[in-house]
Structure formats: C-alpha cells, structure tokens
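Q: From the sequence below, what's the structure:
(chains A, B and C)
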Amino acid sequence: MTEAGPTPPAVETRGLERIYRIKPRPVTALAGVDVRVEPGEFFGLLGPNGAGKTTLIKILTTLLLPTSGSARVFGFDVVSETKQIRRIMNMVAGGEQSGYGILTTREQLWMFSQFYGLGTREGWRRVDELVELVGLTEQREQRVSTLSTGQRQKLNVARGLLNDPWILFLDEPTLGLDVGAARAVRELMTAWRAAVPGRTILLTTHYMAEADELCERIAIVDRGRILAIGTPAELKRRVQRESIFRLEVDRLAAGARALAPLPGVVSAVPASEADTGREAAGRGTVAITLVLRDDAALGGVVGALGELGARIVALRKSEPTLEDVFVELVGRGFEDEAEGDGARPPMPGAEPAAPGPSHTTHPHEPGEPSDEPLAT
Amino acid sequence: MSRTAVSGSAMSEAVALDPGRLRGRPVRDAWRSFATAARLGWQMEANWTDPLLFFIYSVAKPVAAALILVVMIEVIGGSAGRGLRAFVVVGSALWSFVVSGMAGLAWSVLDDRERYRMLKYVYVSPSAFGIVLLGRGMARLAIGAMGAAITLAVGVAFLGVPLDLARVDWPLLAVAMPLGLVAIVALGAMLAAVCLQTRQESWSYPEAAAGALFLVVGAVFPLHVLPAMAQAAGLLTPLTWWLEGVRQALVPGSASAIGGDGSLWAELSGHATPGGIEITAALLATSALVTLVAATVFRLSERRAKDRGLIDRTSGS
Amino acid sequence: MNALVHRQTAGPREAARWNRGRILANNLRSVAGRAYPRIAGLAREPSWVFFEILLPFLTTSSFVFVYRALAAPPEYVGFVVLGGAMSAFWINVIWMMAAQLYWERDQGNLELYFAAPMDLMSVLFGMAIGGLVMSSTRGAVVLVIATLLYGVTFSVAQWALLLAVFVLTLAALYGLGMVLASLFLMWGREAWHLTQLLQEPVYFVSGLNFPVGRLGFLGAMAIATLPLAVGLDAMRQLAFAGSAVTLGTPTPEVEALILVAMTIVFLVAARFALRTLERLARREGRLVTRWR
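A: Residues are numbered from 1 along each chain as shown, chains lettered A, B, ... in the order given. Have a look, this model is predicted:
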C-alpha cells in the first residue's frame, strides 16, 4: 500500500474466521466477520460472552492469528505487519491485573512508557500528565499491589494512552467498576478521542447502555457472526415497526416462550434484570419482554394469558432498546444463554432509569483473559 | 438462581441455620481440610507429567545432591574419604527429605498467593489456615521421602552404605522419625511465615534456609570440624539430633556427627558420643522448642500480613 | 500539547513508520524499563540480603567444611568458593529467567509485552540485567567473605582472560536462560518442575564443588553443553594457575572459545525460540492466556 492518498480504514476485516482447535471439539469463535471501521469512529462490538468479541480484538491487536480471511488496522496487515500496528495502537481490558505489584503507580507507567518507545524523561513527564488526567495523583507513589479495583483500571487506562495510539481497543473497560469510576472512564475515552481527529476507538461490551451512549456505530455480534451494523438509532429502527411491551404477570408456569407461538407475536423472552426483571423477581412475579407485529396482537396475548391461568400485574409499551434489537436478531435475550448462572448488575454508571441493558454470564469464549484456559 | 418461584417453606428449609456448622466439628473439619489440601497438593505435584518422568524428577535431585558429595570425597581419596562415604550418603539422603518438607509449606503460600491467587479464599474459609498449609505441604514431603528412600537404596546398592535391615535399631527409628517430622514441619511453617511477608521471587528461600542449616546439622561432615559457636548452634537444632538418631538407627555404630574428639558435645557431656536415650531426649526437647517458636512466628506473620494487606497481594518484579 | 495529546503526528501511517534509530532506542529503553522493577524490588524487599546472600554463603561454607573434614589440599576450598559464587548466577538464570515468562503470563503481562512495539528479546535482556545486579552482589559477597574467612589464595597469571571468561560465562548463562524462558512457557506446567530439576543435577555435572574433569565423559559432555561447567572450569584454571588438580580438561583459551560459541548459539536459539513462541501464541491462542 502506498502512503499517498486517503487514510485507509481504521479496521477492515474480510471473511475473518477463527477456530480454536480444542478438546473435545473445535470451537468456532469467528465465522466469517466482515467489518469496516472508519478513522475517527467510536465503534462498538456488542454481544454476549462467547460471541467472539474478544477474539476479534485479539486478532486486531496482533495477539492472535486468524484461521482464514484478512484483517487490517489502518491498512497494516495483522499477520505480516504486526510491528507497525503495535506502534500505533494500544489496548485496555477490564478486570486487568497486569503489572508488577512491587512498583508504584508512576513507576509502573514509566516502565510501559519505555516499552512504547518514549524517552526516559519524556516518559516521566507523560506519566505525570496521565496520572493527573485519570485522577491517580494521590496514588502516584502508592504501590500497585495496594490499589483498589477502580484505581487499577484507571492505571490501565493511563497505560493505554501512554503512546498516543491512533486506535484504542477497549475490551469491557468498565467491567467490575462502580458507577463513578465507570462514568469517569467513559468520559475520558470520549474526550480522548475527540482531542485529535482520526483517533479511533473499538469497544467491546455487553453493557448495552454503554454501547448506546458511547458508540457512533455498533456491530451486534453473536456466535462469531456479525448480525447487524449501524448507528444505535438505525439499529433500533429495525424493531421500531414492531410494538414492544413490558408485561408482568403473577405467574406463568410455561415461561415466556409459551407466548411466542401466538399470532402476531414476534418474540417473547424474560425481561432483563435491569429492566423490569429484578423488580418482578422481588415481587415474585414474572416479567416478559413482548415484541408484537402490531398493537392489535395484544388482545390475543391477553386472552391466552387468561387461559394459562396468569393474571396481568403490569403492562406498558416501551421504546426499543439495543437488547430488543438483539432479541429480534437472535431470537433470544443475552440472559437466555446462561439461564441459571445468575445475573450481573446493571451497567456501572448507568442512570437508574436507563432502559434495556442486561448482563449475564455465558459459556466461555476461548481466549478471553477471564476464562478457563484452553490448555496449559 | 432461576426465576422459578420458591415457596416459603422450601426457602426456609434451604437457608435454615445448621447450628453444627456454626460450632464446627473441630477434629472432623480439621481432618477434612488436611486431607483435601493434601490431595490437592499431590495432584499439583504429580499430575503434570507421566509417572516415569515424575519418578525421574523426584529422584534425580536427591541422588545428584548425594553424588556431588561422593565425588568430592572421591577426588580427595584416602582413608578419611572411605570412612566418610556412607556417612555423607545417608546424611544427604535424609537432608533431601528435610529440604522437601521445609519447602512444601513455604511454596504453598507463594503458589496460592502469587500463582493461583487462592490464598485469600483459603484464608477466609472456615478451615484452619495452618492445617490447610500443612496438608498442601504433605505432597512435597512424600516426594522427599521417596527421594530419600531411593537415594539410600542407591547408596546401599552402589556406594557401599552398610545398611542391614536385621541390624536396624527399629525402636530408635520409630521414635526419631515422627519427632523429626514435627521439627521439619515446624521449620517449614516458619519459612511459610517468612514467605507470607516477602515478594514473589522468594522461591529459593526455603532451599537457602535449608542450605544454611546444612552447615550446622552434621549432615555430611562431623560437627567437630566447625568452630564452637557453630557446633553450639547445631546442638540446639532438632535436625542435628534427628539426623544422628536416624543415622545411628539405620547403620548402628556408624561415625557420630555430634561427638568425637574435640567436639563440643564431648567437652560438655564428658561422653565421646551421645547414646540413643540422649539423642531421643535432645530431639524431643529441641523439636518442642522449635515448634513453639514456629507457632509464635507463624501467628505473628499472619497478624502482620492481615495488618498490611499481604494475604491477597501479588508482588512480582 | 496536553495530557490528551502528547505527540501530534500527521496520521497513523506516518506514526507507524519508525527508522532504525528509533527502533533501537525503543529496544534499549525497553531493556532499562524491564530491568527497573527487578532493581527496585531489591531495594524494597531487603529480605533478599539475608536469604540470597547470607544463607547461600553458609551453604557454600558447608562444602568448605566437607573438604576440611577430608583434610583436602587448600585449592579445593578455593574451588568450592568459586563454585559457590558462580552458583548465584545459575540460580538466578533458572529461577528468575527461565521461569519468568511463565510468570509474566500468569500475571497478565505477557499479552501487553506481545502487543507493545519492542522486541521481546529486549524484555528478556532487561530481566537478565535486573537479575544480574542481584546475583553479582551475591556472587561477590560469597567470593570475598569466603576468601577472607577460609584463607583462599588465588594465583592469577592471566587477568584479562579471567575477566573475559567471566563475562563470556555470564553471556552464555543468560543466553541459555533466554532460551529456557521460551521453552518453559511452551512446556507449560512442566516448567515449574524442570526449574527444580535443573538445580542439583546441573551442579553435579558442572562440578560445582570439584574439578569437572574428574567426571570423565560426563564432565566432557557438561563442558560441551553447560555454560556453568565450562565457565567454572576455565575460571578455576585461571584463578588457581599451576594447580595440578584441574588438569584433564581443555585449556582456558579453548574453553573461552567454547563459551563464545555457546553465547552465539544460545542467543540465536533464544531469538528463534521467541519467534516460535510468538507464532505459536498467535496461532494457538493459549500461550498468552492466563492460567490459574
């Protein structure tokens, strides 16, 4: 590729496939992913655990080879031009515990500044700037082993900005953070990207509201495939034509799916915890997210509920969320994947009334740091 | 938990407080913790490879340690060397057991804190921390025992160690072995207490500590060649008496590491060499002393670790 | 320029273009960066002075007393002292080099190293230099105190060659450590046990406390393959010039050449092993995945 001409896409993958050859049977983490992220975009990959998000990030950050297909970062091939990519990118993962506990916050960052090619003094200057930026001034001389989870994540974010990357890969960056810390991370990321035209962020998350709030475009990923790409508004419009209701009944032995075959019902799934699910569980009722072809189909549902012996406790029509998009695309909610695993709290930093996000644990995605090993 | 409604009675059944759990069952709980930790320790030590490689690994280290000394004796030659060979082979074999036993407990702390990051969970579980560590260290102790036995067998078969089962002083052996084991475990607990305070790179500390003790316990040379202060330190160490007891039990009449011309023991006691009863009494007294010191050190270390938040830290450099 | 904008570059393509000087500087700085925690760790956890210096000195002393008990000639005590000093480097190589990448992975650092622009060799060099500070201190202390305490008399005729052999021994030792670091990571859990297996058996075949020539064929094999064996033997010949007991092995000059060859072979092998490791890590997707 020549240097002249327009800047190539920040990320471009074609037919990207990744299969993990593990026992007892191979796992397909990516099954032909085509995605294009333009320079300067804040792009989100949204999907449940095991969807293939982290695998895609690992390939793009040169940590993993694709099984087939191609991937380029600013025009550099992830297989053969790794050094070039490593000079212009950085990554921050949630729940990271990396580094050396015996070093102080400043020293840890300085060490990484040397790995990223900053001069000795320049490194210390940069470290001090970032320590202040992320709000670790008080902890600057504190040993890393004594930092709290939130402080450690701020440290990771500061590390990710050390080399002024052109593209920043954020893999669940607010995982495990409290409301304030998560909001601080999101605001910082937004400000950092806006500071220089062309800076690109690729975010993976399963916090739907986080993706909705931050990303200009989102790809919804499930089981290694991209199901839809668009702006949050575009994605939501996909389900706008349908009517979405939050339904709460006193009991429903057959579960939400009993409503799915009814005429005019597009999908019926248990409501997410963050929506009405948690309150319903507290009241001992059953909450359901109901997508109908049109409002007229509601009558049939109400009738069927009566026949099933269920009494309606609450019913309200709601605006679509990204989860509704996901449900429509996949035919199930995030939480269906790991029914019984328990649910996660809502997105850290989300407004209490924020609709939609739901979180749950899912079967492991090979290569995710928090997962079980593939082999040892 | 699934969304299926749980009836009130079922719920109360599920969460009903078992008073027995609160009180605990001290002996049964301790045994269960110990056995579980020992089984886990064994799996971690032994299941990384096939049995043949595991056997080589378990034996190569102590046999090589004994061979270093055998060659040292051989290069000098002479009558002193011939007399010393059986002495060093037995001492070296037993010492490998000591090193394994001491390292087992200390490495459990480092393993569980730095590598598996499980120490905090072990610590907050109802099981006694010390019992779990003891269990975890058992596997290494067993491997050490196996290595020692095989080194002795090699010594008997190839290096002229005059071990005759008919002549073994079984009562002395039966008394010395458990007392020595207590002392080894106590020293291991002391090292575990140290490793609770130090950084990740403390893996070599147990071997370093064992190496230092090696100087004063008469494992491979008689104490009388040491300065009086070092001899005194040796006489206060249970391992010196344990080695002497086991050596005299296995090869009755072999050279004494403690007594002999010019030895501090001979000077203090007036006897040339200690007898079985003296050895047993000294072993009992010094083991009790070390166990007491180890328990105190371990408790202090635990308190300091809690005070400084060291239980769940990682400290690599 | 501010915290959000540090270095303004024209664009990503330009920012990715580094000249050779910048690549070299990045790697040199990475060496210093990785050595830093090692050296800082020494200052912050002073317990190593006791465990890494005093106790090993006592271990060395034990072997001195074995020779004393045997009424051995005085140069044998010198052999033990030299062996005790050099064992510090071997311990450092296997515990803090060979097993280190394995540790880095478990701590989550390896991924970050792979994703940074420097060569992984620089990280290994950094570890080696950080470790050398500690092991050199230990080696020097053991050598000086034991020499004074046990009255070792050195007889050196070729100081320059002795120095060269010492430096070459370290280069070869740490080169081997770099090779082992990659291999240990690839072998996974076995690494842990191999580290221990490489202690006493290597001491034995390297002749840590006796002239390696006395091991015959086994000693010759060790001289041909183990930097500790050949380096120690050459240093003994040079430090105790004229001592008849070191005969039976190649001359120090030849052993220096063996060390040069070992250094080259190990460094090339380390580079190859690291590249293989990186390729495997990227292909298999597991070598950088943390294991708990």
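Q: CA atoms for contacts and neighbours, from now on please.
A: Noted.
Q: Run a quick neighbour tally on whichever residue of the stretch 151-300 of chain A sits closest to chain B.
A: As assessed by C-alpha to the nearest C-alpha, chain B sits closest to A:Gly284 within the stretch 151-300 of chain A, at 6.4 Å. Neighbourhood size, A:Gly284 [other C-alpha atoms under 10 Å in any protein chain shown]: 16.
Q: A:Thr13 - nearest residue in space that isn't next to it in sequence?
A: A:Ala71 (4.2 Å; C-alpha to C-alpha, 6 or more residues apart in numbering or on different chains).
Q: Just confirm that neighbour is within a strand.
A: Yes. Residue state for A:Ala71 (DSSP: H, G, I helix; E, B strand; the rest coil) corresponds to a strand.
Q: Show me the shaky parts of the chain.
A: Going with chain A. Scanning chain A for pLDDT under 70 picks out A:1-5, A:273-281, A:332-376.
Q: my question was about chain C
A: C:1, C:188-192, C:244-247, C:286-292.
Q: And the helices in it?
A: C:12-15, C:20-44, C:47-48, C:55-69, C:74-93, C:100-106, C:109-115, C:120-150, C:159-187, C:190-197, C:200-206, C:217-225, C:227-239, C:252-284 (DSSP state H).
Q: wait, which of those is closest to B:Lys120?
A: helix C:100-106 (17.2 Å; C-alpha to C-alpha).
Q: Briefly note if the closest one comes near chain B.
A: Yes. Under the criterion of C-alpha under 8 Å from any C-alpha of the partner chain, helix C:100-106 makes contact with chain B via C:Trp103, C:Asp106.
Q: That helix and chain A in contact?
A: No. Residues of helix C:100-106 are not located near chain A by C-alpha under 8 Å from any C-alpha, the shortest gap being 8.6 Å.
Q: then that helix to PDB, C-alphas only?
A: The C-alpha atoms that make up helix C:100-106 are tabulated as PDB, following Å, rounded to 0.1, in the frame of the first residue of the first chain:
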ATOM      1  CA  GLN C 100       9.900 -15.800  34.200                       C
ATOM      2  CA  LEU C 101       7.800 -15.700  31.000                       C
ATOM      3  CA  TYR C 102       5.600 -18.300  32.600                       C
ATOM      4  CA  TRP C 103       5.100 -15.900  35.500                       C
ATOM      5  CA  GLU C 104       4.600 -13.000  33.200                       C
ATOM      6  CA  ARG C 105       1.800 -14.800  31.500                       C
ATOM      7  CA  ASP C 106       0.100 -15.700  34.800                       C
END
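Q: Contact partners for the residue nearest to A:Thr13?
A: The contact partners of A:Ala71, by C-alpha atoms under 8 Å, 6 or more residues apart in numbering or on different chains, come to A:Val11, A:Glu12, A:Thr13, A:Arg14, A:Leu16, A:Ile59, A:Leu60, A:Asp77, A:Val78.
Q: Repeat the analysis, applying 7 Å as the threshold.
A: A:Glu12, A:Thr13, A:Arg14, A:Leu16, A:Leu60, A:Asp77, A:Val78 (C-alpha atoms under 7 Å, 6 or more residues apart in numbering or on different chains).
Q: Is it correct that the second one falls within a helix?
A: Meaning A:Thr13. No. If the criterion is three-state DSSP, then A:Thr13 is strand and not within a helix.
Q: didn't it look like it was pressed against A:Ser70?
A: Yes. The pair A:Thr13 / A:Ser70 is scored as a contact, 5.6 Å apart, by C-alpha atoms under 7 Å.
Q: returning to what we had before: tell me which of the contacts of A:Ala71 is nearest to B:Trp107?
A: Closest approach to B:Trp107 among these (C-alpha to C-alpha): A:Leu60, at 38.6 Å.
Q: List phi and psi for the residue lying closest to that closest one once chain neighbours are set aside.
A: Closest residue to A:Leu60 apart from its sequence neighbours, by C-alpha to C-alpha, 6+ apart: A:Val78 at 6.3 Å. Dihedral angles of A:Val78 (phi, psi; degrees, to the nearest 10) stand at phi -70, psi -20.
Q: Same question for A:Arg316.
A: For A:Arg316, the backbone dihedrals (degrees, to the nearest 10) come out as phi -150, psi 150.
Q: With A:Pro263 instead?
A: Per-residue torsions, A:Pro263: phi -60, psi 130 (degrees, to the nearest 10).
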